[in-house]
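Participant: structure for this input, please:
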Amino acid sequence: MSLRYYIFLKDVLLLALTAFGGPQAHIAMMFKLLVEKRRYLTEQELIELNALCSILPGPTSTQTLTAIGFKIGGPNLAYLTLLVWILPAATFMALAAVVISYLQGQGVSLGFLKYIQPMAVGFVAYAAYKICEKVIHTKTAVALMVVSAILAYFFHSPWVLSAMLIAGGAVTALRFKQHPQEKDKHLHIEWANFILYVAVLVVAALLGAYTSSLPVRLFENFYRNGSLVFGGGQVLIPLLYTEFVDFKGYLTGEEFLSGYAIAQALPGPTFSFTSFVGNLAMREYGIAGQLLGSFVATVGIFLPGTFLIFFVIRFWDELKKYRVIRASLEGISAVSSGMVVAAAILLYHPIESSPLNFSIVVGTFCLLMFTKVPAPVLILTGLLLGFVL
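Facilitator: Just a heads-up that it's a prediction; the model follows:
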């Protein structure tokens with residue numbers, strides 16, 4: 001492996017240990033480190049890669065970084081990029097889940113987490129605002145955002161959410177003539193990674209349906225969610241809550257929100273929160289079972305997006321020349337923003353509806369909005385207040 005690849009992986013590790021704040025903040029750091037400082041790619045190339053990853057299911061910033069690794073050094077460097085990026089946060093979230101389940105087993109109250117639960121809702125509300133600010137620029141986008149927020153609030157099925165994204169893209173794709181036409185389009189598609197993606201989805205679904213093995217079923221659950229989530233980690237949260245808290249009862253609402261708040265205090269991909277969920281889902285099997293739960297959850301959630309970015313990146317330069325593809329981005333982004341708005345409301349439901357909790361949600365939002373206090377400082381302050389009070 002060349003020296004340039006080692007330097008790139010060192011830069012990826014630096015991002016994994018310092019990139020707080022979710023996909024939008026991750027992209028800003030990629031501009032600073034990978035474009036301005038290292039010049040691995042141009043600013044326009046990064047914007048286009050991020051747009052591509054926004055229309056694919058899976059973790060947006062993870063796919064963007066993997067795609068950059070692919071452009072620099074091919075599949076092998078891309079796989080190493082993925083591993084270096086997700087390992088620190090996923091490992092920490094697994095350890096956090098083990099500690100929480102141990103404390104519960106010892107009869108220790110988790111009351112010290114009571115303040116960071118409403119803070120987590122404030123983080124999601126802020127994410128909703130920032131996403132809307134970035135992608136909502138037309139009346140059509142406003143309408144799509146409002147409708148998708150209402151539908152996502154009342155209908156939690158992954159299939160409904162996926163259908164909304166497709167419909168939103170179709171609505172704005174009709175206005176493709178507003179985009180300039182490009183010539184010399186030569187689209188050649190290699191289907192291997194897409195076939196692999198579908199094959200794993202089908203096999204996982206069949207095994208999940210006909211086995212009593214919880215790790216197998218968890219892998220299917222997370223692989224399916226990773227295949228259906230458009231718009232990054234904020235959109236994933238309501239899906240996970242509906243499936244693992246409301247439907248299957250693997251976690252309580254308080255545990256879920258505590259884990260999500262901890263994830264907000266960590267750098268790296270938001271999807272690493274799944275390591276926490278998978279861990280607690282396997283708590284009846286001891287520490288070894290919990291670590292296995294973290295492993296299958298992490299692999300399951302990141303694998304679909306990896307297959308898809310490996311599939312699309314090979315012909316993306318030609319695909320983006322089509323006006324319909326460029327036009328559909330507006331609708332997909334608007335629907336995604338509506339889903340995050342709905343998530344902020346849904347995640348408030350399991351918290352006790354008190355003036356204090358509501359004030360914490362609003363206060364967290366305002367601190368993120370109007371100050372530069374880092375997310376980890378807010379979460380650590382919430383934990384400290386929980387211990388003291």
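
Participant: show me the domain layout of this protein.
Facilitator: Residue ranges for the structural domains of the chain, counted by automatic domain parsing, are given in the record as 3-84, 87-388.

Participant: will you turn those domains into JSON lines that also has mean neighbour count and mean pLDDT?
Facilitator: Bear in mind the C-beta positions are built from the backbone N, C-alpha and C, glycine included. Compiled in JSON lines, these are given as follows (neighbours: other C-beta atoms under 10 Å; pLDDT from 0 to 100):
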{"stretch": "domain 3-84", "mean neighbour count": "19", "mean pLDDT": "85"}
{"stretch": "domain 87-388", "mean neighbour count": "19", "mean pLDDT": "84"}
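
Participant: can you pull out the strands in the protein?
Facilitator: Listed in chain order, the chain contains no strands at all (DSSP state E).

Participant: the single longest helix found in it packs against which elements?
Facilitator: Secondary structure assigned by DSSP state H gives helix 60-105 as the longest helix of the chain. Judged by 3 or more C-beta pairs under 8 Å, 6 or more residues apart in numbering; DSSP states H and E, helix 60-105 is in contact with helix 3-18, helix 22-30, helix 43-55, helix 253-264, helix 273-281, helix 286-312.

Participant: relative to residue 273, how far out is residue 259?
Facilitator: 6 Å (C-beta to C-beta, to the nearest Å).

Participant: what is in contact with those two at once?
Facilitator: Common contacts of residue 259 and residue 273 (C-beta atoms under 8 Å, 6 or more residues apart in numbering): residue 93.

Participant: rewinding a little: the helices and strands packed on helix 60-105: which one's closest to residue 181?
Facilitator: Residue 181 lies closest, by C-beta to C-beta, to one member of the helices and strands packed on helix 60-105: helix 43-55, at 17.2 Å.

Participant: helices or strands next to the closest one in the packing?
Facilitator: Packing partners of helix 43-55 (3+ C-beta pairs under 8 Å, 6+ apart): helix 22-30, helix 60-105, helix 286-312, helix 316-319, helix 323-346.

Participant: so for residue 142, which of those sits nearest?
Facilitator: Closest approach to residue 142 among those (C-beta to C-beta): helix 323-346, 7.7 Å.

Participant: dump the closest one to CSV, restricted to CA.
Facilitator: C-alpha atoms of helix 323-346 as CSV (Å, rounded to 0.1, in the frame of the first residue of the first chain):
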residue,chain,number,x,y,z
ARG,A,323,-31.3,15.9,-16.0
VAL,A,324,-34.0,13.7,-14.5
ILE,A,325,-31.5,12.3,-11.9
ARG,A,326,-30.4,15.8,-10.9
ALA,A,327,-34.0,17.1,-10.7
SER,A,328,-35.2,14.3,-8.4
LEU,A,329,-32.7,15.3,-5.7
GLU,A,330,-34.8,18.2,-4.6
GLY,A,331,-37.9,16.0,-3.9
ILE,A,332,-35.9,13.3,-2.2
SER,A,333,-34.1,15.8,0.1
ALA,A,334,-37.4,17.6,0.9
VAL,A,335,-39.1,14.3,1.9
SER,A,336,-36.1,13.3,4.0
SER,A,337,-36.3,16.6,5.9
GLY,A,338,-40.0,16.0,6.6
MET,A,339,-39.2,12.6,8.1
VAL,A,340,-36.7,14.2,10.5
VAL,A,341,-39.3,16.8,11.6
ALA,A,342,-41.7,13.9,12.4
ALA,A,343,-38.9,12.1,14.2
ALA,A,344,-38.4,15.0,16.6
ILE,A,345,-42.1,14.9,17.6
LEU,A,346,-42.2,11.1,17.9
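
Participant: return the distance of that helix from the chain's centre.
Facilitator: Taking C-alpha atoms, centre = their mean, to the nearest Å, one finds helix 323-346 lying 14 Å from the centre of the chain it belongs to.

Participant: now the helices and strands packed on helix 43-55 as a markdown table including distance to residue 4?
Facilitator: Listed next are the helices and strands packed on helix 43-55 as a markdown table, based on distance: least, C-beta to C-beta, whole Å:
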| stretch | distance to residue 4 |
| --- | --- |
| helix 22-30 | 17 |
| helix 60-105 | 7 |
| helix 286-312 | 21 |
| helix 316-319 | 22 |
| helix 323-346 | 31 |
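
Participant: out of those, nearest to residue 128?
Facilitator: helix 323-346 (4.2 Å).

Participant: tilt between that closest one and helix 43-55?
Facilitator: Inter-element angle recorded for helix 323-346 and helix 43-55: 60 degrees (by axes from the mean of the first three to the mean of the last three C-alpha atoms, to 10 degrees).

Participant: for helix 323-346, packing partners?
Facilitator: In terms of contacts (3+ C-beta pairs under 8 Å, 6+ apart), helix 323-346 is packed against helix 43-55, helix 116-135, helix 139-154, helix 158-173, helix 233-240.

Participant: which one, of those helices, ends up nearest to residue 106?
Facilitator: Taking C-beta to C-beta as the criterion, helix 116-135 is the member of these that comes nearest to residue 106, at 20.4 Å.
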